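Engineer: sequence first, then the predicted structure:
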Amino acid sequence: MSTTSNPNPIRVGLIADEPIRLAGLASIFEQCAQEGHVPLLPLPGTIEELLSVPTLEYLVLDLNSSSGGLRTLESIRRARPEIRLIVIGPPKNEKLILDAIMAGARAYLDSTAGPEVVRQAIEVVTCGSIWAPRPLLAKLIDRLLTVRDSTLTNADPHLTARERQVLELILMARSNREIAEKLGIEERTVKAHVSRLMRKTGADNRIELSIRALGRSMVPGTGFTERRRGERRQGADSSPLITSE
């Protein structure tokens, strides 16, 4: 495992029950930090050891080898809600992915992701953004459009016309920059609208905002669905969704 001369690297906890998987995660940090990124320092350990580190802000949780599964994630959130979680789990498990996102995961990667992708996702999260594959987000949104979760439905918050426009574009998996270009406004204005939308819905991140908005029918379902279908016919972008909060 490499060390860094930077006196203040970002510490990233690593949890995996299988030693070989833990070693594989730790090896990702041997790569030099990209230009403009703070060096990352891996801290392998048990949940108890890592949660006792007061300066720990980020945690990679491998659900593939964690005996506790989703319960481990939930226990971490209860004990240290400020920790930002990067979850690695099995692919094509929609319920697990949705539960992880709703529990506050800032990134979800399936077990087929290579070391470079995992490293990139970690750096994206440590920069204050969210990482999730566009196809996954689209699949979750489509599912929620047809099966709305009544447990998320309370009194609908009042949204301005502009906030509704921003929300619709968020649901189309658009970044702040893309939303700003589409609406002809500044990116900082988009960020302000997104912050207000999160406060109004009680969401912690953009993915949870999308889920809550769809669960509460806060967007015109028919028109939105047709636009999504049109995008798929044209070949929607399958690159990872990297969005600023």
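Structural biologist: Good, I have the coordinates. Residues are numbered from 1 along each chain as shown.
Engineer: ok now do residue 177, which residues does it touch?
Structural biologist: residue 187 (CB atoms under 8 Å, 6 or more residues apart in numbering). To be clear about C-beta, it is placed using only N, CA and C from the backbone, and glycine gets the same treatment.
Engineer: name the helix or strand for it, please.
Structural biologist: Residue 177 is located in helix 176-183, with elements delineated by DSSP states H and E.
Engineer: after that helix, which helix or strand is next?
Structural biologist: Toward the C-terminus from helix 176-183 - assigned by DSSP H and E - lies helix 187-201.
Engineer: thought residue 107 was touching residue 89?
Structural biologist: No - counting by CB atoms under 8 Å, residue 107 stays clear of residue 89, with 10.9 Å between them.
Engineer: now do the buried residues in the helix holding residue 177.
Structural biologist: For helix 176-183, burial by neighbour count (16 or more other CB atoms under 10 Å) applies to 176, 179-180.
Engineer: who has more neighbours, residue 107 and residue 89?
Structural biologist: residue 107 (26 against 22; other CB atoms under 10 Å).
Engineer: skip the chain neighbours and tell me the closest residue to the more buried one.
Structural biologist: Ranked by CB to CB, 6 or more residues apart in numbering and with sequence neighbours excluded, the top spatial neighbour of residue 107 is residue 131, at 3.9 Å.
Engineer: need the phi and psi values for the residue nearest to residue 62 when sequence neighbours are not counted.
Structural biologist: With sequence-adjacent residues excluded and distances taken as CB to CB, 6+ apart, residue 62 is closest to residue 16, at 3.8 Å. The phi and psi values for residue 16, taken as degrees, to the nearest 10, are phi -160, psi 130.
Engineer: equivalent analysis for residue 95, please.
Structural biologist: Torsion angles, degrees, to the nearest 10, at residue 95: phi -60, psi -40.
Engineer: quick one: low-confidence parts of this protein?
Structural biologist: Applying pLDDT under 70 to the chain flags residues 1-7, 32-37, 65-68, 102, 133-156, 173, 214-245.
Engineer: which residue ranges of it form helices?
Structural biologist: 19-27, 47-51, 70-79, 94-102, 115-126, 134-146, 161-171, 176-183, 187-201, 206-215, 221-234 (DSSP state H).
Engineer: wait, which of those helices is closest to residue 64?
Structural biologist: Nearest to residue 64 among these is helix 19-27 (7.0 Å), distances taken as CB to CB.
Engineer: outline the domain layout of the protein.
Structural biologist: 10-127, 137-244 (automatic domain parsing).
Engineer: partner residues bridging residue 43?
Structural biologist: Applying DSSP bridges to residue 43 yields these beta-bridge partners: residue 13.
Engineer: just checking, it touches residue 50?
Structural biologist: Yes - Residue 43 lies in contact with residue 50 (CB under 8 Å); the separation is 6.4 Å.
Engineer: need the residues touching each of these two.
Structural biologist: Contact criterion CB under 8 Å, 6+ apart; residues bridging residue 43 and residue 50 by contacting each: 13, 56.
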